[in-house]
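> Structure of the sequence below:
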Amino acid sequence: MTEDLYDGQPFDVTAVPSSVALPFSKLRGVGTAVPATSYSQQELLDFFRITDPRIRSVFANSAIDRRFLTLPPELPDGRPHPERQGELLAKHKAQGIDMGARAVRACLADAGFGLADVRYLCCVSSTGFLTPGFSALLIKELGLDPYCVRLDVVGMGCNAGLNALNAVTGWAAKNPGELALMVCVEACSAAYVFDGTMRTSVVNSLFGDGAAAVAVRAPIGCDADAGPGPVVLKFASIVIPDAIDAMRYDWDDAQDRFSFYLDPEVPYVVGAHAELVVDRLLAGSGVRRRDVAHWVVHSGGKKVIDSVMVNLGLSRHDLRHTTSVLRDYGNLSSGSFLFSYQRLRAEGVVRPGDYGVLMTMGPGSTIETALVQW
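Presented below is the predicted three-dimensional model:
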């Protein structure tokens, strides 16, 4: 559709003939939320009484200063209460509803809309399983229209924000003028296992709790200037079947709970395939990689970020928001890229006509991308 409409030339939504209805959805606002409590890496080592020098080194070299978490209560002797799977699930639900509701309100305020304007709600999470899911729970919590169309994207991992955004922008494009919301709700502290092994310690050193929401709306007819924000032009993804077990969240019989696993080779697998999917994203658009002014990349971890940077030929400045979100929040799973997008908007450097690439990575192993233009 885009190649026919623009004849292979670079996208320019302002140049579309007035007789053509724009097929693009626009990102209208963004909002984020985190728990009330945050901890430095040293504070977490002290709280969990971690003395193993190998594990302490993992925490110290993570490029993370602080993370927002909901930690278990302390026992009388000062040790953390060992949370059962049911308690973790309760944390996932309680924190998810709280953070998700606050992120939605912040997003709507940023976009200039109210709760009554929401017609579509998509909720994303991988830190627990609920039925009904967060979409129904947030409709009740926020008092949204009970006729609101809803979708839950569950268990897809850190890449899932762009998987969901694909669905949300598709709905918005087919319902111009109607407001759609995507909310990523990740209570990562509800997915922790503390067994003293290097496997779980890598995960425990990395992830933080947070929620992020983005408002999406397609203009009606030829109203190309339907509020600020970039239009979403195109998506591209790649699944790497040979690395399907490199990132997984499965049952640990020894711990009697779910446990997340990250293969040490993940950063190199992601980096090696980043160029392939970005080239596919830009193919046929007339946009070259050097034309991309803004890169909004998932804060997957220091090694992942470095690998993407090297393989795509990016600078540290290009990924400044990705690294600063990692530093200040850790890996927030599916919502991480929206925290970076929020910082890019606040920076005030984006100009009309600029192109941007959004990128997330996660289990599958998967890389998801989107091309946007302001």
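> can we go C-alpha only for contacts and neighbour counts from here?
OK.
> Could you pull out the helices in the stretch 201-350 of the chain for me?
266-282, 302-312, 320-329, 336-347 (DSSP state H, counting those that start in this stretch).
> Low-confidence stretches in the stretch 101-250 of the chain?
Within the stretch 101-250 of the chain, the segments meeting pLDDT under 70 span 221-227.
> which of the residues in the longest helix along the chain are buried?
Taking DSSP state H as the criterion, the chain has its longest helix at helix 85-111. Under the neighbour-count criterion of 16 or more other Cα atoms under 10 Å, helix 85-111 has 85, 88-89, 91-93, 95-108, 111 buried.
> thinking again about what came up before, and of the helices of the stretch 201-350 of the chain, who's closest to Thr169?
Closest approach to Thr169 among these is made by helix 336-347 (15.2 Å; Cα to Cα).
> which outside residues touch the closest one?
By Cα atoms under 8 Å, 6 or more residues apart in numbering, the residues outside helix 336-347 that reach it are 30-32, 161, 212-214, 296-299, 321-322, 325, 350, 358-360.
> again, only using 6 Å
Val297, His298, Ser299, His321, Thr322 (Cα atoms under 6 Å, 6 or more residues apart in numbering).
> Could you do stretch 32-49 as well?
So stretch 32-49 is contacted by Asp65, Arg66, Arg67, Phe68, Leu69, Met99, Arg102, Ala103, Gly210, Ala211, Ala212 (Cα under 6 Å, 6+ apart).
> Nearest to Val310 among the contacts of helix 336-347?
For the contacts of helix 336-347, the nearest to Val310 is Val297 (13.4 Å; Cα to Cα).
> Tell me what the closest one is bridged to.
Met359 (DSSP bridges).
> Give me the number of neighbouring residues for His81.
12 (other Cα atoms under 10 Å).
> now swap in Asn159 and tell me
27.
> Identify the residues contacting it.
Ser334, Thr360, Met361, Gly362 are the contacts of Asn159 under Cα under 6 Å, 6+ apart.
> top of these by neighbour count?
Ser334 (32 neighbours).
> In space, what's closest to that residue - neighbours in sequence excluded?
Nearest residue to Ser334 in three dimensions, chain neighbours excluded: Cys158, at 4.1 Å (Cα to Cα, 6 or more residues apart in numbering).
> ok, now Val118?
Leu179 (5.2 Å).
> That neighbour and Arg217 touch, don't they?
Yes. At 5.1 Å, Leu179 counts as touching Arg217 under the criterion of Cα atoms under 6 Å.
> hang on, the earlier thing: and the residue nearest to Val118, its phi and psi?
Main-chain torsions, Leu179, degrees, to the nearest 10: phi -90, psi 130.
> Near it, how many other residues are there?
Leu179, neighbours per other Cα under 10 Å, totals 23.
> That one and Pro76, how far apart?
50 Å (Cα to Cα, to the nearest Å).
> next one: Val153
As defined by Cα to Cα, Val153 lies at a distance of 39 Å from Pro76.
> Please say which of the two ends up with more neighbours.
Higher neighbour count among Val153 and Pro76: Val153, with 19 against 8, using other Cα under 10 Å.
> element containing the more buried one?
Using DSSP states H and E, Val153 sits within strand 149-154.
> Determine how far that strand lies from the middle of the whole chain.
Its chain's average C-alpha position is 15 Å from that of strand 149-154, according to Cα atoms, centre = their mean, to the nearest Å.
> Against which helices or strands is it packed?
Strand 149-154 sits against strand 118-125, with contacts defined as 3 or more Cα pairs under 6 Å, 6 or more residues apart in numbering; DSSP states H and E.
> Give me the contacts around the strand it packs on.
Residues contacting strand 118-125 (Cα under 6 Å, 6+ apart): 135, 148-154, 179-186.
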